[in-house]
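Chemist: Model the structure of this input:
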Amino acid sequence: MNYCRLLMITFCFSLLVVSVNAFAQSSTYVIVHGAWGGAWQFKNTAAELEKKGNKIYRPTLTGLGERYHLADTSIRLQTHINDVVNTILFEDLRDVILVGHSYGGMVITGVADSLPDRIRKLVYLDAILPDDQQSVMTLMGNSGAKNGLLKFEKEGYILPFWVKNYSKFPRDVPHPLKTMTDRISLKNAKRLDIPSTYILTYEDSRSLEEDDFYPFYKKAKDLGFKTIEFIGDHNPQIKKLKELVDLLERENK
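Modeler: A predicted model of the protein is given here:
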């Protein structure tokens with residue numbers, strides 16, 4: 001095979017790869033992290049999804065992650081909803097796959113109520129799924145022993161009791177209490193028309209019904225959501241990255 005012919009074949013193959021990637025890069029994901037966390041938790045998830053040709057936005061909620069210097073006891077649930085709404089508006093995003101992890105389920109539900117026409121699909125990743133006028137505290141505050149989340153409250157924040165080294169970065173940070181006591185206001189019925197998926201993560205050693213997020217999974221099933229059972233802990237973006245990325249990638253179909 002002469003050099004010119006080899007060069008032409010290589011060029012044509014390169015065009016084919018570019019064409020395939022261009023065809024695949026039609027999906028825009030907005031990923032909303034959970035309580036105490038930050039966008040940093042989904043850095044690797046974003047990198048892997050972007051390798052597949054997707055565009056990823058990871059807003060960090062006010063007072064958390066790299067924005068923890070803005071922490072204030074006056075931060076409300078609506079502040080966090082506005083963080084994501086404004087990301088979508090100012091980046092002029094449309095046809096969005098909106099993913100919410102854990103507490104992020106409260107946030108994406110409020111975003112969907114505000115901007116239903118901008119969202120192609122909602123994905124609840126082991127997340128809270130609220131109805132109108134429900135809060136994190138009304139849904140989960142009394143779970144477990146004694147006062148649930150409230151037993152970790154101090155001076156207007158819910159503390160991440162598992163963090164032992166406050167000099168380490170990145171790390172979880174105290175979460176503003178009012179975002180968890182505020183009741184969500186849902187008024188837009190068009191939110192209910194958005195195709196939605198619920199991914200329940202659960203430990204292989206326990207039954208589904210024992211998982212803290214099982215009630216939300218069951219609610220999602222009753223509402224007609226697509227439901228997925230995923231063996232893993234509450235943070236699959238850390239320990240089950242490849243499997244999670246494959247799941248999220250399939251949601252762009």
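Chemist: For the rest of this, base every contact and every neighbour count on C-alpha atoms.
Modeler: OK.
Chemist: Can you list the residue ranges for helices in the stretch 51-200 of the chain?
Modeler: Under the criterion DSSP state H, counting those that start in this stretch, helices of the stretch 51-200 of the chain are mapped to 77-90, 104-114, 136-140, 178-181.
Chemist: With Tyr157 as the reference, name the closest of the ones you listed.
Modeler: helix 178-181 (8.1 Å; Cα to Cα).
Chemist: residues contacting the residue nearest to Thr87 when sequence neighbours are not counted?
Modeler: Leaving aside its sequence neighbours, Thr87 sits nearest to Pro59 (Cα to Cα, 6 or more residues apart in numbering; 7.0 Å). Pro59 sits next to Val30, Ile31, Val32, Ala39, Asp83, Val84, Thr87 when contact means Cα atoms under 8 Å, 6 or more residues apart in numbering.
Chemist: mind redoing it with 7 Å?
Modeler: Val32, Ala39, Val84 (Cα atoms under 7 Å, 6 or more residues apart in numbering).
Chemist: Could you do Val96 as well?
Modeler: Val96 neighbours (Cα under 7 Å, 6+ apart): Thr28, Tyr29, Val30, Arg118, Ile119, Arg120, Lys121.
Chemist: For it, give its distance to Val85.
Modeler: 12 Å (Cα to Cα, to the nearest Å).
Chemist: Compute the distance between Phe208 and Ser102, please.
Modeler: Check again: residue 208 is Leu, not Phe. Distance from Leu208 to Ser102, by Cα to Cα: 16 Å.
Chemist: repeat for Asp233
Modeler: 12 Å.
Chemist: Show me what the strand or helix carrying Val30 is packed against.
Modeler: Assigned by DSSP states H and E, Val30 falls within strand 28-32. Contacts defined by 3 or more Cα pairs under 7 Å, 6 or more residues apart in numbering; DSSP states H and E place strand 28-32 against strand 55-57, strand 96-101.
Chemist: now the longest one against strand 28-32, angle please.
Modeler: Here strand 96-101 runs at 20 degrees with respect to strand 28-32, directions being taken by axes from the mean of the first three to the mean of the last three Cα atoms, to 10 degrees.
Chemist: so strand 96-101 versus helix 77-90, what angle?
Modeler: 150 degrees.
Chemist: Quick check: which ranges of the protein have low pLDDT?
Modeler: Within the chain, the ranges that satisfy pLDDT under 70 run 1-25, 142-147.
Chemist: List the contacts of the spatially most central residue of it.
Modeler: Among the residues of the chain, the one closest to the centroid is Gly100, at 2.5 Å (Cα atoms, centre = their mean). By Cα under 7 Å, 6+ apart, the residues touching Gly100 are Ile31, Val32, His33, Ile108, Val123, Tyr124, Leu125, Ala127.
Chemist: Just put those residues in TSV and tack on neighbour count.
Modeler: Converted to TSV, the contacts of Gly100 look like this (neighbours: other Cα atoms under 10 Å):
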residue	neighbour count
Ile31	25
Val32	33
His33	27
Ile108	28
Val123	24
Tyr124	30
Leu125	31
Ala127	27
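Chemist: Just send these back as a markdown table, with distance to Leu248 too.
Modeler: As requested, the contacts of Gly100 are exported to a markdown table (distance: Cα to Cα, whole Å):
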| residue | distance to Leu248 |
| --- | --- |
| Ile31 | 11 |
| Val32 | 13 |
| His33 | 15 |
| Ile108 | 16 |
| Val123 | 8 |
| Tyr124 | 11 |
| Leu125 | 10 |
| Ala127 | 15 |
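Chemist: quick one: which of the residues you listed is nearest Leu159?
Modeler: Using Cα to Cα, His33 is the member of the contacts of Gly100 that lies nearest Leu159, at 16.7 Å.
Chemist: So that closest one is in contact with Ala39, correct?
Modeler: Yes - with contact defined as Cα atoms under 7 Å, His33 reaches Ala39; the gap is 6.1 Å.
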